[in-house]
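Q: Predicted model and sequence follow; I will ask about them next.
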Amino acid sequence: MSLIIDNSSFSTLSSSGTSKSFSYTVGSSGSNTGLFASASLRAQSGTVPPNTITATYNGVSMTKIGEHTYNGTTADILVAFFYLASPATGANTLAFSWTVSSIGAFAPISFYGVSKSSPWRSGSYTTLAGTNSGTLSINVPSNAGDYVLDVVSCEGYGGGAPANLEEDASQTQIMDGEVAVTNRMAYGASYKSGASPTLSMVWTKDGGLYAIMAGISVQPANRSTGVVVSPMMRF
């Protein structure tokens, strides 16, 4: 069974807080449905304690695939991925919560044909030290038939120019923008068809300070194990 994108969207929190809820719709057809969601945060001061961000969909807890934080100039930035198998269909509430007052952006994407035994492959992440411009690039383990997802969080100057982010032309954008309160944050998320053994995901920025990026591969139900089977081979 091949992976088919069901739906995607995003929502932002532009006023400092510790939670964000919004409606997301999962389609009513297709088998092996899986919901993935990424989060991009910037604390308004101090650090984001590890393992404090959580997510639910229709009141059901989502599995945290992974999270990464990076201590920037004035406060932490964070990226995280979540997953839920067989999510409720229709429009339901996707809710995130954490412990330190932050601004953020959130990008759900749902698929049909997700592997039940191994929905995602091991991911990767990178950081970019304080600089006005630069490139973030990660090589995400993947295979043909996968979809690779990424998410980016970038510090913007408190009162200065925005930190504009731009995904590589080969990637399909889910979200890309900036939110600002006391501290500013640029955010981004995109996806791309997988390739073996890794797939490069790239974002560039022309402003701001520190940045962090992470990526994972979504695996299809007919996922490859890396063995090429010819028509003459039998088991």
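A: That came through, no problem.
Q: make it CA atoms for all contacts and neighbour counts henceforth
A: Will do.
Q: and the helix or strand of the chain with the lowest mean pLDDT, how far from the chain's centre?
A: Least confident helix or strand, the chain: strand 124-128 with a mean of 87, by mean pLDDT, DSSP states H and E. The chain centre lies 13 Å from the centre of strand 124-128; the measure is CA atoms, centre = their mean, to the nearest Å.
Q: Check which residues of the helix or strand just after that strand are buried.
A: On the C-terminal side of strand 124-128, the nearest following helix or strand under DSSP states H and E is strand 134-141. Of the residues in strand 134-141, those buried under the neighbour-count criterion (16 or more other CA atoms under 10 Å) are Gly134, Leu136, Ser137, Ile138, Asn139, Val140, Pro141.
Q: swap in stretch 95-113?
A: 95-96, 98-113.
Q: Now it: average pLDDT?
A: Regarding stretch 95-113, the rounded mean pLDDT is 95.
Q: The least confident helix or strand of the chain - contacts with which helices or strands?
A: Applying 3 or more CA pairs under 8 Å, 6 or more residues apart in numbering; DSSP states H and E, one finds that strand 124-128 contacts strand 134-141, strand 211-218.
Q: Which elements pack onto the last one?
A: This means strand 211-218. The helices and strands touching strand 211-218, judged by 3+ CA pairs under 8 Å, 6+ apart, are strand 63-71, strand 76-85, strand 124-128, strand 134-141, strand 147-156.
Q: winner for burial among those?
A: Ranked by mean neighbour count, those are led by strand 147-156 with a mean of 29 (mean count of other CA atoms under 10 Å).
Q: who wins for proximity to Thr69 among the helices and strands packed on strand 124-128?
A: strand 211-218 (7.6 Å; CA to CA).
Q: Confidence-wise, which of the helices and strands packed on strand 211-218 is weakest overall?
A: If these are sorted by mean pLDDT, strand 124-128 sits at the bottom with a mean of 87.
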